[in-house]
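Q: Structure for the following, please:
(4 chains)
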Amino acid sequence: MSWAWFHKLGSPKWFFSWSKSWALPLFCVGCVCLFVGLVWGLAFAPADYQQGNSFRIIYIHVPVAMLAQSCYLALGVAGFVFLVWQMKMAPVFIKSMAPVGAVMALIALVSGAIWGKPTWGTWWVWDARLTSVLVLFLLYMGIIALQNSLDDLVLVNKAAAVISVLGLINLPIIKYSVVLLETLHQGPTFTLTKKPEMPPEMWLPLLFSVIGLYCFVAGLVLWRMQTEILKREHRSNWVKQEVMEHGL
Amino acid sequence: MQSTASLTISNLWIERGERDLCQGLSFSVQSGEIVRILGDNGAGKSSLLKTIAGVFSPLEGKISYVGEDVTFDRSLLQKDAIYLGHSVGVKSLLTVVENLRWYCPDVSLGVLHEVLELLEITNHVDVLVKNLSAGQARRVALARLWLSNKTLWLLDEPFASLDVRGVTLLEQRIQQHVLSGGLVVLTTHHDLLTLSSRDVVLLP
Amino acid sequence: MAFNNFSEFLIMGAHGIYVWSAYGFSAFALAWLVWNTLATRRKTRNSLRKRLLRNQNR
Amino acid sequence: MTYSSFIRSEFLVLWRRKQDIFNALLFFIIVVALFPIGINSSAEFLAPAAAGIVWCAVMLAILMAVEGMFKEDYWDGSLEQWIVSGLSLPLLILLKVIVQWLVVVAPLLVMMPLFSEMLYLPSLSFWVLIMTLLLGSPSLFFIGAVGAALTMSIKQGAVLVMLLILPFYLPVIIFSTLAVKAAEAGLPYSGLLAMLLAMSLLSLVISPLMTAIAVKASVN
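A: Below is the predicted model of the structure:
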């Protein structure tokens, strides 16, 4: 296997020009898929026979919760890559991804709480999944706070990587530990091994909105990374050219 | 202490935050030599010493000590070197003797007191360092130069906050060290009174 | 379509308030994220360009 | 510098700073006392909650003790001396954390019988509580050391360390209190104790390495 792509990814200049052709299309595809999925789910999918129409929150809740976890996984991997290979793009990625992940976790928490009210009759229960998403949110906020309070760039990079890697190691333990607390939450909607229990007209829109949100977030993160690269590489000639040539 | 040693820096680049320092710096130090690093504020004198000592790694370049490449693993050099930075690493909650015992645990009490007498801090042996003056605390740190038997000395502004008497003492010690085959790399704003040194100038 | 008319769609069998507030919050948060991303992008580019022009004039 | 002279000076410094440790213990006592006074002082409430109360207080007290563990070394230049000493930095950090653990946890354990009486802890779960403290607290110190190292260059870093580190402490507190509850209910609890031990061992391996990275990055 060729490792050329890996080294290319490590170069800010290459990454910048590559991401320029991907960010907008990804974002647009994401928006369209998300729109299709949400409208389909909100207006056309049949109501759940137990939960009625409140189950329609699933079409935003599940994608967002999945992303909150995927983002954290990605942060941990990026942190590891940085600590082992000193790849320059990894801290840029962490810096750009952390706020996005935090917003995802926050939406998951809020939409979950709102969904809980009609379903369980309470806004909040100390259930395994809710608690672990709350912890996830706190972890994201910790990373962001740490990055904002340190001012030396070398230290910011290392610190964010260290805490991301630690979080990645700890996340399974946290999940395992909170499972031991009581659980009210329904099981996972999608698993790789089993066919979904929902009828297709219910899970197909969900699939759309999941894929849509992934693309949406990918586009956003690419944009944020571009900004971060410009900030960090502002002394190099290609950035000067880039800034002067393209207005926005 | 080794009788012949050499430190060679070749094509060294150091990155500090936003700036590149020591762009492609090369020099070497042999036994019996004093090298004085000169340069404006912010030219990277302290960073250079820290890089040699292994506090951080250079962006590019090679550091070799007694013929071995130590760029990636500085432990060979570190076992044979003393580094004194801006903050000297003297613990304010330990007494003078405890501080020196921390750094040089193998020295006998007799030698310890001899050196303290030379440095004129005998009266304060059992005083916590936080109760000493800045100059006295500096002398406690400098006492390591008398107590340990290392070849390479990396001294960042060693004369800072020393009085005239202290400066003379330290210069004598450096001279003595160099004559017995030691290597000294130092930065200073003072003019060296009795020592002759080779200068390496860092351009910003 | 799972609903007969638009007002039924809005009410969602008494669950409308929950569904729409969840979606409202999500839309707000996502919109903030997009706005924040684009705004910092614009600000960074502008400030870099200004700095560059200032240096050129000097 | 050698490993043994390092350990000796660490003990000495901690001894000179005994007021700090004493403050952390006092803080522990006050937190424990808050629960009966603030919520409910009856045995029916306190007995089942005792392990949780003790663990919350222990966690906060340890966090207080650990949060600034590298600050002084950072400002007086000792960290640089550790790095250039030619000794292994992770090993030095490991030793430092172990010294801290001994000095803080030993008095906590000594005070435990008193607190178990004050909180009406059922006598059969007392030793399980002690076991959870012994097995679980090392990981609190190791994780806390990483947080302390990451924030040592910030003058007012205490709140940040809490924000950063407390989420990582959750599993320890969950496993510990569950173990005590299981013991009270007569269920097997050795699995939970093994979990605590595993976490302490895992953090013993990972934390010194991560802390070393943070220390090296902070000394700039």
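
Q: Residue C:49 - nearest residue in space that isn't next to it in sequence?
A: Among residues not flanking residue C:49 along the chain, residue A:243 sits closest, at 5.0 Å (CB to CB, 6 or more residues apart in numbering or on different chains). Any C-beta I mention is one placed from the backbone N, CA and C, and that applies to glycine too.

Q: and that neighbour, what element?
A: Element membership of residue A:243 [criterion: DSSP states H and E] is helix A:237-245.

Q: before we move on, what about residue B:21?
A: For residue B:21, the secondary-structure element it belongs to, assigned by DSSP H and E, is strand B:19-30.

Q: Packing partners of that strand?
A: In this structure, strand B:19-30 makes packing contacts with strand B:6-16, helix B:45-53, strand B:183-187, strand B:198-202, judged by 3 or more CB pairs under 8 Å, 6 or more residues apart in numbering or on different chains; DSSP states H and E.

Q: Residue B:55 belongs to a helix, doesn't it?
A: No - with DSSP: H, G, I helix; E, B strand; the rest coil as the criterion, residue B:55 is coil rather than part of a helix.

Q: wouldn't it be in contact with residue D:219 here?
A: Yes - Residue B:55 sits in contact with residue D:219 when judged by CB atoms under 8 Å, with a separation of 5.8 Å.

Q: joint contacts of the two?
A: D:80, D:83 (CB atoms under 8 Å, 6 or more residues apart in numbering or on different chains).

Q: hang on, the earlier thing: now the residue nearest to residue C:49: how far from residue A:227?
A: When CB to CB, to the nearest Å is the yardstick, residue A:243 and residue A:227 sit 12 Å from each other.

Q: Next: residue B:27.
A: According to CB to CB, residue B:27 stands 41 Å off from residue A:227.

Q: Neighbour count: those two, which is higher?
A: The residue with the greater number of neighbours, taking residue B:27 and residue A:227 and applying other CB atoms under 10 Å in any protein chain shown, is residue A:227; the counts read 21 against 16.

Q: backbone phi and psi for that one, please?
A: Taking degrees, to the nearest 10, you get phi -60, psi -50 for the backbone angles of residue A:227.

Q: In contact with it, which residues?
A: For residue A:227, the set of contacting residues under the criterion of CB under 8 Å, 6+ apart consists of A:96, C:37, C:40, C:41, C:44.

Q: now with 7 Å?
A: Listed by CB atoms under 7 Å, 6 or more residues apart in numbering or on different chains, the contact set of residue A:227 reads C:40, C:41, C:44.

Q: can you pull out the helices in the chain?
A: The chain I'm using is chain A. Using DSSP state H, the helices found in chain A span residues A:4-10, A:12-39, A:58-85, A:89-120, A:128-149, A:153-180, A:200-232, A:237-245.

Q: wait, chain D
A: Taking DSSP H as the criterion, chain D carries its helices at D:3-16, D:18-38, D:43-67, D:71-75, D:78-83, D:89-118, D:126-150, D:158-184, D:190-218.

Q: got those as JSON lines, with distance to residue A:79 columns?
A: Shown next, in JSON lines, are the helices of chain D (distance: least, CB to CB, whole Å):
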{"stretch": "helix D:3-16", "distance to residue A:79": "30"}
{"stretch": "helix D:18-38", "distance to residue A:79": "31"}
{"stretch": "helix D:43-67", "distance to residue A:79": "22"}
{"stretch": "helix D:71-75", "distance to residue A:79": "23"}
{"stretch": "helix D:78-83", "distance to residue A:79": "22"}
{"stretch": "helix D:89-118", "distance to residue A:79": "18"}
{"stretch": "helix D:126-150", "distance to residue A:79": "13"}
{"stretch": "helix D:158-184", "distance to residue A:79": "14"}
{"stretch": "helix D:190-218", "distance to residue A:79": "10"}
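
Q: Is whichever residue of chain B sits closest to chain D in a helix, a strand, or coil?
A: Of chain B, the residue with the smallest distance to chain D, taken as CB to the nearest CB, is residue B:87 at 3.0 Å. Per three-state DSSP, the secondary structure class of residue B:87 is coil.

Q: count of neighbours near the closest residue to it other than its chain neighbours?
A: Residue nearest to residue B:87 in three dimensions, not counting chain neighbours: residue D:77, with 3.0 Å by CB to CB, 6+ apart. If you count neighbours by other CB under 10 Å, residue D:77 ends up with 20.

Q: Based on its surroundings, how many neighbours for the spatially closest residue to residue D:199 that is not a sequence neighbour?
A: For residue D:199, the nearest residue in space outside its immediate sequence neighbours is residue D:139; the separation is 4.6 Å by CB to CB, 6+ apart. Residue D:139 is flanked by 24 other residues according to other CB under 10 Å.

Q: got a list of what residue D:139 touches?
A: By CB under 7 Å, 6+ apart, the contact list for residue D:139 reads D:172, D:199, D:200, D:203.

Q: my guess is the first one meets residue D:141, correct?
A: Spelled out, it's residue D:172. No - under the contact definition of CB atoms under 7 Å, residue D:172 does not touch residue D:141, with a separation of 10.8 Å.

Q: got the buried residues for stretch D:119-133?
A: Neighbour-count burial for stretch D:119-133 flags D:119, D:120, D:121, D:122, D:125, D:126, D:128, D:129, D:131, D:132, D:133 (criterion: 16 or more other CB atoms under 10 Å in any protein chain shown).

Q: From residue D:181, how far off is the third one?
A: Same thing as residue D:121. 12 Å.

Q: Show me what residue B:21 is bridged to.
A: Following DSSP bridges, residue B:21 is listed with bridge partners residue B:14.

Q: Per-residue pLDDT of it, please?
A: If you check residue B:21, the pLDDT there is 81.

Q: try residue D:94
A: Residue D:94 is assigned a predicted lDDT (pLDDT) of 97.

Q: Leaving out chain neighbours, which residue sits closest to it?
A: Sequence neighbours aside, residue D:208 is the residue nearest to residue D:94 in space, at 4.4 Å (criterion: CB to CB, 6+ apart).

Q: Tell me how far that neighbour lies from chain A.
A: The spacing between residue D:208 and chain A, counted by CB to the nearest CB, to the nearest Å, is 12 Å.

Q: That residue: neighbouring residues, count only.
A: Number of residues near residue D:208 (other CB under 10 Å) recorded here: 24.

Q: quick one: contacts for it?
A: Taking CB under 7 Å, 6+ apart, we find residue D:208 in contact with D:90, D:93, D:94.

Q: most surrounded residue in these?
A: Ranked by neighbour count under the definition other CB under 10 Å, those are headed by residue D:93 with 25 neighbours.

Q: So that one is in contact with residue D:214, correct?
A: No - Residue D:93 sits out of contact with residue D:214 when judged by CB under 7 Å, with a separation of 9.6 Å.

Q: can you give me the strands in chain B?
A: Listed in chain order, the strands of chain B (DSSP state E) span B:6-16, B:19-30, B:34-39, B:60-65, B:68-69, B:81-84, B:152-156, B:183-187, B:198-202.

Q: Same list (those) but as JSON lines, adding distance to residue B:121.
A: JSON lines is the format used below for the strands of chain B (distance: least, CB to CB, whole Å):
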{"stretch": "strand B:6-16", "distance to residue B:121": "31"}
{"stretch": "strand B:19-30", "distance to residue B:121": "30"}
{"stretch": "strand B:34-39", "distance to residue B:121": "26"}
{"stretch": "strand B:60-65", "distance to residue B:121": "32"}
{"stretch": "strand B:68-69", "distance to residue B:121": "37"}
{"stretch": "strand B:81-84", "distance to residue B:121": "17"}
{"stretch": "strand B:152-156", "distance to residue B:121": "19"}
{"stretch": "strand B:183-187", "distance to residue B:121": "22"}
{"stretch": "strand B:198-202", "distance to residue B:121": "32"}
